[in-house]
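# Here is my input, please return the structure:
(chains A and B)
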Protein chains: 2
Amino acid sequence: MKKPVLVFDMNETLLDMSGLDPTFARIFGQPDGSELRKQWFTLVLELFLTAAITGQYRSFDKLTDEALQMLAAQRRRKASADDRAALKEAQGKIPAHPDVQPALARLEGAGFTLATLTNSTAKSAEKLLEFAGLRAYFDKVLSADAVQTYKPAREAYAYAAKELAAKPARIVLVAAHAWDIVGAMATGCEAAFVARPEKVLGPGSPEPKYQADDLTSLAERITADYR
Amino acid sequence: MKKPVLVFDMNETLLDMSGLDPTFARIFGQPDGSELRKQWFTLVLELFLTAAITGQYRSFDKLTDEALQMLAAQRRRKASADDRAALKEAQGKIPAHPDVQPALARLEGAGFTLATLTNSTAKSAEKLLEFAGLRAYFDKVLSADAVQTYKPAREAYAYAAKELAAKPARIVLVAAHAWDIVGAMATGCEAAFVARPEKVLGPGSPEPKYQADDLTSLAERITADYR
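Predicted structure coming up:
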């Protein structure tokens, strides 16, 4: 059976965003930045989903900065230039989840073509993958920025399919986000959900082909399916 | 100067969603349901924004139930049929913020035409406005459900403009949500932001004509502008 192309979401799926917690803790003068980081990511999500609907594109990197300013404003303070620079700096150095490197090595070893598709800019994605030591596993590092939209818009997945010279049905989008799974499947891709902490699928959406607790078990199942 | 038509968002803008806190506290066996209710509303937001982008419409009322199931799944439990019925029941009985009734009375007294535009179904909206004692102030109770989409999609505001027989530029959308303000303005409406608790505008979006801390001061400013 012809192997699918495996296309990975990056933020949260591959990268452990809790690596940003100390930065949020420092910016807001709190002992633990975990809740702040989650609220920030929720604001990022709200911003890019809204921008996708209203057609007001700006880069994801810019949106993450806007979300920091909103997070500060919610707490009746301002994000200073230093705060914003600190987050930007930290965003270039997010570690991978511990299961990522072994899973990618296994999938690559089994002959799968691997790529990423992120809402972050390609430049940021390249930098992050280098930092996390993952760059070598991927044939292509793709960003929805190239077509000035964001996942889960159809155009993002269609762009990836075109760049990978694969029909959508031959792509498996691997993500920890329900909205990304929904978007990929709506475009005709297969999907694999990785249940990172607190991530769940919506009960009203189509079920993806794969659901796994981590990339280790996902890699096992995919390699078994296409042995 | 010809008066604009004032179109109000309902959830959070008119209605005080903290009225749901005791229900969330009870369902999840916690002393305070406030954080749970906020996380639930974030999931609702994620679901309808995603559905708007991917074209997978289902009613907002259904999405609020899906979000409850996701909130439970995030905590590794199931929302029972009783839990879901309890939330549905509570959703029919959400009180208005205390500034709403006096502000609407003042605006109506000053000769403005008032309407609502919500993502909730029209049936739910009618029920909620009756419960909150606000129904009589509104000429029309409109829901994006009528055109099978959600704000901030252009079609939602365009539908309201058509129903109100007003050009978008003659509509002021009043909302506590940045995404709603963005959507209204992208469609050519004017907008008024009401800064309900923790609600802020995004720094990368166009500024609405009005920004106010509550409906009392907004009503003052609008009536002064069109005296």
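# just the CA coordinates of the longest helix along chain A, formatted as PDB?
Using DSSP state H to assign secondary structure, the helix with the most residues in chain A is helix A:34-54. Taking C-alpha atoms only, helix A:34-54 is exported to PDB below (Å, rounded to 0.1, in the frame of the first residue of the first chain):
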ATOM      1  CA  SER A  34       1.400  28.100  32.800                       C
ATOM      2  CA  GLU A  35      -2.100  29.600  33.000                       C
ATOM      3  CA  LEU A  36      -1.000  32.900  31.400                       C
ATOM      4  CA  ARG A  37       0.700  31.000  28.500                       C
ATOM      5  CA  LYS A  38      -2.500  29.000  27.900                       C
ATOM      6  CA  GLN A  39      -4.700  32.200  28.000                       C
ATOM      7  CA  TRP A  40      -2.200  33.800  25.600                       C
ATOM      8  CA  PHE A  41      -2.500  30.900  23.200                       C
ATOM      9  CA  THR A  42      -6.300  31.100  23.400                       C
ATOM     10  CA  LEU A  43      -6.100  34.700  22.400                       C
ATOM     11  CA  VAL A  44      -3.700  33.800  19.500                       C
ATOM     12  CA  LEU A  45      -6.300  31.200  18.400                       C
ATOM     13  CA  GLU A  46      -9.100  33.800  18.600                       C
ATOM     14  CA  LEU A  47      -7.100  36.300  16.500                       C
ATOM     15  CA  PHE A  48      -6.100  34.000  13.700                       C
ATOM     16  CA  LEU A  49      -9.500  32.300  13.400                       C
ATOM     17  CA  THR A  50     -11.100  35.700  13.300                       C
ATOM     18  CA  ALA A  51      -8.600  37.000  10.700                       C
ATOM     19  CA  ALA A  52      -9.200  33.900   8.600                       C
ATOM     20  CA  ILE A  53     -13.000  34.500   8.600                       C
ATOM     21  CA  THR A  54     -12.800  38.300   8.000                       C
END
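# For the helix or strand following it, which residues meet the burial criterion?
Counting by DSSP states H and E, the next helix or strand C-terminal to helix A:34-54 is helix A:60-74. Residues A:Phe60, A:Leu63, A:Thr64, A:Asp65, A:Glu66, A:Ala67, A:Leu68, A:Gln69, A:Met70, A:Leu71, A:Ala72, A:Ala73 are the ones in helix A:60-74 that count as buried (16 or more other Cβ atoms under 10 Å in any protein chain shown). For every residue, glycine as well, the C-beta is placed using N, CA and C.
# tell me the contacts of the second one?
Translated: A:Leu63. Going by Cβ atoms under 8 Å, 6 or more residues apart in numbering or on different chains, A:Leu63 touches A:Val44, A:Leu47, A:Phe48, A:Ala51, B:Gly204.
# same deal with the third one?
Under the criterion of Cβ under 8 Å, 6+ apart, the contact list for A:Thr64 reads A:Trp40, A:Val44, A:Leu87, A:Gln91.
# Tell me which stretches of chain A form helices.
With DSSP H, the ranges of helices along chain A come out as A:21-28, A:34-54, A:60-74, A:81-91, A:100-109, A:122-131, A:154-163, A:178-186, A:215-225.
# average model confidence for the longest helix of chain A?
Across helix A:34-54, pLDDT averages out at 98.
# ok, so of the contacts of A:Thr64, who is nearest B:Asp180?
Nearest to B:Asp180 out of the contacts of A:Thr64 is A:Val44 (Cβ to Cβ; 18.0 Å).
# Could you measure from the residue nearest to the closest one when sequence neighbours are not counted over to A:Gln39?
Nearest residue to A:Val44, sequence neighbours excluded (Cβ to Cβ, 6 or more residues apart in numbering or on different chains): A:Ala67, at 4.4 Å. According to Cβ to Cβ, to the nearest Å, A:Ala67 and A:Gln39 sit 9 Å apart.
# Next: A:Leu201.
Distance from A:Leu201 to A:Gln39, counting by Cβ to Cβ: 22 Å.
# next one: A:Arg77
Here the criterion is Cβ to Cβ. By it, A:Arg77 lies 14 Å from A:Gln39.
# For these two, indicate the residue with more neighbours.
The residue with more neighbours, out of A:Arg77 and A:Gln39, is A:Gln39; 20 against 13, by other Cβ atoms under 10 Å in any protein chain shown.
# dump the residue contacts of that one.
Each residue near A:Gln39 by Cβ under 8 Å, 6+ apart is listed here: A:Leu71, A:Gln74.
# do the same with A:Ile222
Neighbouring residues of A:Ile222 by Cβ under 8 Å, 6+ apart: A:Leu6, A:Leu107, A:Phe112, A:Val172, A:Ala192, A:Tyr210.
# Just give the number of residues close to the nearest residue to the second one once chain neighbours are set aside.
Distance criterion Cβ to Cβ, 6+ apart; nearest residue to A:Leu107, sequence neighbours excluded, is A:Ala219 at 5.3 Å. By the other Cβ under 10 Å criterion, the neighbourhood of A:Ala219 contains 26 residues.
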